[in-house]
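In: structure of the sequence below:
(one chain, ligands or ions: 2)
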Amino acid sequence: MVSVVFPAAGQAHRMQVGLNKVFLTLAGKPMLLRTLLTFSKVPDVGELIVAVGADEVEPVTSLLGRVKGLAPWRVVEGGTERQYSIRNGLALVSEEADIVLVHDAARPLIRRDTIEELIRVVRAEGAAIIAVPEKNTIKIAAEDGTVAATPPRSSLWQVQTPQGFRKDILMEANRKADEDGFLGTDDASLVERLGVPVRIVRGEYSNIKVTTPEDMVVAEAILRNDMGAGELMKTAVHEAKRLLGGVVRCRKGEEE
Ligand SMILES: Nc1ccn([C@@H]2O[C@H](COP(=O)(O)OP(=O)(O)OP(=O)(O)O)[C@@H](O)[C@H]2O)c(=O)n1
Ligand SMILES: C[C@](O)(CO)[C@H](O)COP(=O)(O)O
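Out: Ligands and ions are numbered 1, 2, ... in the order given. Below you'll find the predicted structure:
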């Protein structure tokens, strides 16, 4: 059985609304619910553990109690850092779970097929993360604000969640991180410290983490666009050709 821990106890400082962003509505549904409902549709997922702020435990418990279609869930108080919120969630993972996924509640655009593919890879390899190839050139800055290095883009991936692990691996990684006082910005970085290989599973660029106000616009647009990127592109290509009288170049094999 797969257990999923959702860190949802952040302060949303960068959203600048004075409210935990996971309760903000996107296309008519609170972000947190959207995320939980998508995971609930995955047959292997047997448990949802949601870490929220201390004063949010009661209202969230009451809210989830009114929602139909959720997998069995529990709400726990989060911590001052994402990693501590997850640690509190891990304490509630049930005996029957053999795999644990961690997913930011603030990534409401995750797709069911991406979750299913991640679970398949974790079953086979023990540890895997969802990521997409980096599109920009990334620079490493020196302390004085000049460029220290330009790592080759072909080896850079933007890491997302969910991230999934065999339960024993994730538990040990968290225990060791606590012992060493190590704080990571994702869960895989804790597992990497154990020397366990972590497989990268290619996901979707649309699985954004809603972090700043403009991310709300992007998320809302993606959710409200019932065409999807593939269909949108077809229409855009058709229009471009019409405007330019068929002069638009199509790469071999990519003709309409
Ligand atoms: N102490 C914390 C901090 C973050 N999170 C969760 O971790 C996810 C990713 O974090 P982030 O996008 O940074 O959210 P916030 O911490 O809320 O945002 P900010 O850093 O702008 O305050 C979010 O679902 C957030 O709720 C958490 O559970 N506990
Ligand atoms: C785990 C994560 O979503 C991967 O991109 C990200 O590192 C979380 O970072 P944040 O500092 O909590 O925004």
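In: do a quick rundown of the strands in the stretch 51-200 of the chain.
Out: Assigned by DSSP state E, counting those that start in this stretch, the stretch 51-200 of the chain shows strands spanning 73-77, 99-102, 127-133, 140-141, 147-149, 157-166, 199-202.
In: now mean neighbour count and mean pLDDT too, for those, in JSON lines please.
Out: C-beta coordinates here come from the backbone N, C-alpha and C atoms, glycine included. Listed next are the strands of the stretch 51-200 of the chain as JSON lines, based on neighbours: other Cβ atoms under 10 Å; pLDDT from 0 to 100:
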{"stretch": "strand 73-77", "mean neighbour count": "19", "mean pLDDT": "98"}
{"stretch": "strand 99-102", "mean neighbour count": "26", "mean pLDDT": "99"}
{"stretch": "strand 127-133", "mean neighbour count": "21", "mean pLDDT": "98"}
{"stretch": "strand 140-141", "mean neighbour count": "10", "mean pLDDT": "98"}
{"stretch": "strand 147-149", "mean neighbour count": "9", "mean pLDDT": "98"}
{"stretch": "strand 157-166", "mean neighbour count": "23", "mean pLDDT": "98"}
{"stretch": "strand 199-202", "mean neighbour count": "16", "mean pLDDT": "98"}
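In: the stretch 1-150 of the chain: helices as residue ranges?
Out: 31-40, 57-65, 82-90, 112-125 (DSSP state H, counting those that start in this stretch).
In: can you redo those helices as JSON lines with distance to Met171, mean neighbour count and mean pLDDT?
Out: Formatted as JSON lines, these follow (distance: least, Cβ to Cβ, whole Å; neighbours: other Cβ atoms under 10 Å; pLDDT from 0 to 100):
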{"stretch": "helix 31-40", "distance to Met171": "20", "mean neighbour count": "22", "mean pLDDT": "98"}
{"stretch": "helix 57-65", "distance to Met171": "23", "mean neighbour count": "14", "mean pLDDT": "98"}
{"stretch": "helix 82-90", "distance to Met171": "6", "mean neighbour count": "22", "mean pLDDT": "98"}
{"stretch": "helix 112-125", "distance to Met171": "14", "mean neighbour count": "17", "mean pLDDT": "98"}
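In: ligand 2 contacts on this structure?
Out: Neighbours of ligand 2 within the chain, by Cβ under 6 Å from any ligand atom: Arg82, Asp104, Val159, Gln160, Thr161, Thr185, Asp186, Lys209.
In: ok, now which ones touch Leu190?
Out: Gln83, Leu170, Ala173, Asn174, Lys176, Ala177, Phe182, Gly184 (Cβ atoms under 8 Å, 6 or more residues apart in numbering).
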